[in-house]
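**Student:** Have a look at this fold, sequence not included:
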């Protein structure tokens, strides 16, 4: 089987939020789909290791912020490459509250769901949520996972359903590349990487210049 065929399926990029007691928490997800129209029902796949998974199970509700092509890529680093067990991911995020759950303002829409059922797979939980609120924010197109890989130049977190192990392999094409060891962002700016200031930070996960590794031929 060639796992790359799954990349031909359509995915978005979303911040899924819930509550850890009174504290906001959330993570990046890409496997979300509407499965019925009346009542509107959403299916969400989330890895067992994601802290947000247990929070959804405890609170019985979750919200989806739909990222757009103009959303700050740092949102993906914040929610996709850190764990809510250790940090409050919403500390520096501009958000509003709908139906008691945090919604990222830098998005093109949101959906709030009440958990009605769930199914356990070997590594993931599939949550079913009945939609209780939702709206469009602005007019920017939604970010697809293809756009994230090809334009934003990020990689899938290892907990994502679409993660492929070869994403962590060094680039095989000619020419040296500087790659963020945290989120996989490939620097392709006009200024040689060595000449960037020491204050340079990855645009996705905001890690420092020292977290970049040189791959490929020199």
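**Tutor:** Here it is on my side, so go on. Because the structure is predicted, anything quoted here is derived from the model rather than measured. Numbering: from 1, shown residues only.
**Student:** quick one: which helix or strand includes the closest residue to residue 41 other than its chain neighbours?
**Tutor:** In this structure, residue 41 finds its nearest non-sequential neighbour in residue 35, 5.2 Å apart by Cβ to Cβ, 6 or more residues apart in numbering. Every C-beta, even on glycine, is put in place using the N, C-alpha and C of the backbone. Applying DSSP states H and E as the criterion places residue 35 in strand 32-37.
**Student:** and whatever helix or strand comes next after that strand, what other elements does it pack with?
**Tutor:** Tracing the chain past strand 32-37, the next element assigned as helix or strand by DSSP H and E is strand 40-47. When contacts are defined as 3 or more Cβ pairs under 8 Å, 6 or more residues apart in numbering; DSSP states H and E, strand 40-47 packs onto strand 23-29, strand 32-37, helix 51-59, strand 61-66, strand 109-120, strand 124-136.
**Student:** Tell me how far the spatially most central residue of the chain lies from residue 130.
**Tutor:** Taking Cα atoms, centre = their mean as the criterion, residue 28 is the residue nearest the geometric centre of the chain, at 2.7 Å. Using Cβ to Cβ, to the nearest Å, one gets 23 Å for the distance from residue 28 to residue 130.
**Student:** Residue 16 now?
**Tutor:** According to Cβ to Cβ, residue 16 stands 16 Å off from residue 130.
**Student:** related to what we said a few turns ago, closest to residue 192 out of the helices and strands packed on strand 40-47?
**Tutor:** For residue 192, the closest of the helices and strands packed on strand 40-47 is strand 23-29, at 30.8 Å, according to Cβ to Cβ.
**Student:** what distance separates the helix or strand of the chain with the lowest mean pLDDT from the middle of the whole chain?
**Tutor:** Every helix and strand in the chain was compared by mean pLDDT, DSSP states H and E; the lowest is helix 145-147, with a mean of 80. In terms of Cα atoms, centre = their mean, to the nearest Å, the gap separating the centre of helix 145-147 from the centre of its chain is 11 Å.
**Student:** so what does it touch, helix or strand wise?
**Tutor:** Contacts of helix 145-147 with other secondary structure elements, assessed using 3+ Cβ pairs under 8 Å, 6+ apart, are absent: no helix or strand is involved.
**Student:** still on that earlier bit, who's the residue nearest to the centre of the chain bridged to?
**Tutor:** Judged by DSSP bridges, the bridge partners of residue 28 are residue 15.
**Student:** Run through the residues that contact the closest residue to residue 59 other than its chain neighbours.
**Tutor:** Once flanking residues are discounted, residue 59 sits nearest to residue 19: 4.9 Å by Cβ to Cβ, 6+ apart. With contacts defined as Cβ atoms under 8 Å, 6 or more residues apart in numbering, residue 19 is in contact with 25, 55, 59, 61, 100, 101.
**Student:** check which helix or strand covers residue 19.
**Tutor:** Element membership for residue 19 (DSSP H and E) is strand 14-20.
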